[in-house]
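In: Quick check, what structure comes out for this input:
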Amino acid sequence: MLTETIAFKHWVFEVPSKITRKIYSNTLCGYSEYHVQEFRSFFKYYDEIFTPEIKDLLNRLGIDYKKDTFLKLIRENGKQSFIITYQFLGSMQINSSERVQQPLISDELEYEAISEQTSIAFYQVEETMIGMEMIYVEILFRAE
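Out: Reported below is the predicted structural model:
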């Protein structure tokens, strides 16, 4: 199975992006599109969330950013935040001398800021598909 190495911030992934891309191409729509009435306000921020940097990363991982796995809306103090989740096949390493090397499976996510409004986190789960491990990416977007 052909994999490629993709580095992003302090994460390094070994991914079969062509296989993940094929899975996404066979998926009819994302969670948010299926529940469009419930998440109308999410689409208002679509261009702010999916910057060229985010789109490029997701594409390199084989992910179709229009087909999210899960979307959660959080309302606090009159403000909205969204957590957008995707999944992909591969393996993940944390590559940073500044960070404590922790197990890849964790109950608490550590988000890395991409901008003032957007942060990202990755986690690996004890789940396999076609013999490959699953990795989840969460994008946290704080609407103003």
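In: Extract the C-alpha set from the helix or strand containing Val137 and format it as CSV.
Out: Element membership of Val137, judged by DSSP states H and E, is strand 132-142. Output of strand 132-142 as CSV, limited to C-alpha atoms (Å, rounded to 0.1, in the frame of the first residue of the first chain):
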residue,chain,number,x,y,z
MET,A,132,-5.1,0.8,8.5
GLU,A,133,-5.6,2.9,11.6
MET,A,134,-8.1,5.7,11.7
ILE,A,135,-7.0,9.3,12.5
TYR,A,136,-9.5,12.1,13.3
VAL,A,137,-8.9,15.7,12.7
GLU,A,138,-10.9,18.4,14.5
ILE,A,139,-11.1,22.0,13.3
LEU,A,140,-12.3,24.4,16.0
PHE,A,141,-13.7,27.6,14.6
ARG,A,142,-14.7,30.5,17.0
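In: by contact count, what packs against it?
Out: Under the contact definition 3 or more Cβ pairs under 8 Å, 6 or more residues apart in numbering; DSSP states H and E, strand 132-142 sits against helix 46-49, helix 52-61, strand 79-89, strand 91-94, strand 118-129. Glycine gets a C-beta too; all of them are placed from N, C-alpha and C.
In: and the helix or strand just after the fourth one, what does it pack onto?
Out: Next in sequence after strand 91-94, counting helices and strands by DSSP H and E, comes strand 112-113. Under the contact criterion of 3+ Cβ pairs under 8 Å, 6+ apart, the helices and strands touching strand 112-113 comprise strand 118-129.
In: tell me the angle the strand it packs on makes with strand 132-142.
Out: Counting by axes from the mean of the first three to the mean of the last three Cα atoms, to 10 degrees, strand 118-129 lies at 160 degrees to strand 132-142.
In: pLDDT averaged over strand 118-129, what's the number?
Out: Strand 118-129 shows a mean pLDDT of 85.
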